[in-house]
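Undergrad: Task: produce atomic coordinates for the following.
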Amino acid sequence: MRPDRAMWATGLALACAVLAGLVLNLLTGLTRLSWGIALAIGVTAAGAGLLVARRRARPEPAPPVRTDWFRVSPVTGGLLALAAVLAGGAVWLGAASASWPRAPGFAQLWLVPGHGTSATLGVRDSYPGRHTFQLVLSGGGKAVGRWTLTLADGQTWQRTVTTAAGGLSATLTTPDQELKVTS
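TA: Predicted coordinates for the structure are as follows:
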């Protein structure tokens, strides 16, 4: 296989894997079973396509023996070098960032519209230990609800709220930032 075709094949395989991940995430979620099924379908489809393409191809006379079989154009050589630099940089960045200090945790805030005039307001704590959060729900330019939440790591608080005519927004004050969502 020529180097340029190998690069195209590798790039298309990676793009297909990303696309398959997005589709699986939308349809079923990313599980081992869904990835296994997607892989089986992909391999079967590629094999069937290869068999059909080979069957339709007309036999060509054997090419003469070439002594310059590994001749690489300057553009292909440059792209190969760029790919090697990018792959090396990605490996280095992955190894280097593994030892970088991480934030002590995070919090999640959501405000999901429901059916009719209801919405779901929720907070999830992923900070180590127990933390106190201030949550303010606003609608129509004024505060319609205030909560002081004390949650432990992994604990979730959720409530169904009634939506206002102008929409709702929620503000959560965490130990290190302020989160805002709008519905």
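Undergrad: okay, now the domains of the chain?
TA: The record's domain parsing of the chain by automatic domain parsing lists 3-59+73-97, 107-182.
Undergrad: Tabulate those domains (TSV), appending mean pLDDT.
TA: Below are these laid out as TSV (pLDDT from 0 to 100):
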stretch	mean pLDDT
domain 3-59+73-97	79
domain 107-182	86
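Undergrad: want to try CSV for these, with mean neighbour count as columns?
TA: From N, CA and C alone the C-beta is placed, and that goes for glycine too. Below are the domains of the chain laid out as CSV (neighbours: other CB atoms under 10 Å):
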stretch, mean neighbour count
domain 3-59+73-97, 11
domain 107-182, 14
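Undergrad: which residues touch the host helix or strand of residue 134?
TA: Using DSSP states H and E, the element containing residue 134 is strand 130-139. Contact partners of strand 130-139, identified using CB atoms under 8 Å, 6 or more residues apart in numbering, comprise 107, 109, 121, 123, 125, 143-153, 161, 163-175.
Undergrad: So the residue nearest to residue 159 when sequence neighbours are not counted: helix, strand or coil?
TA: Ranked by CB to CB, 6 or more residues apart in numbering and with sequence neighbours excluded, the top spatial neighbour of residue 159 is residue 121, at 5.3 Å. Three-state call for residue 121 (DSSP: H, G, I helix; E, B strand; the rest coil): strand.
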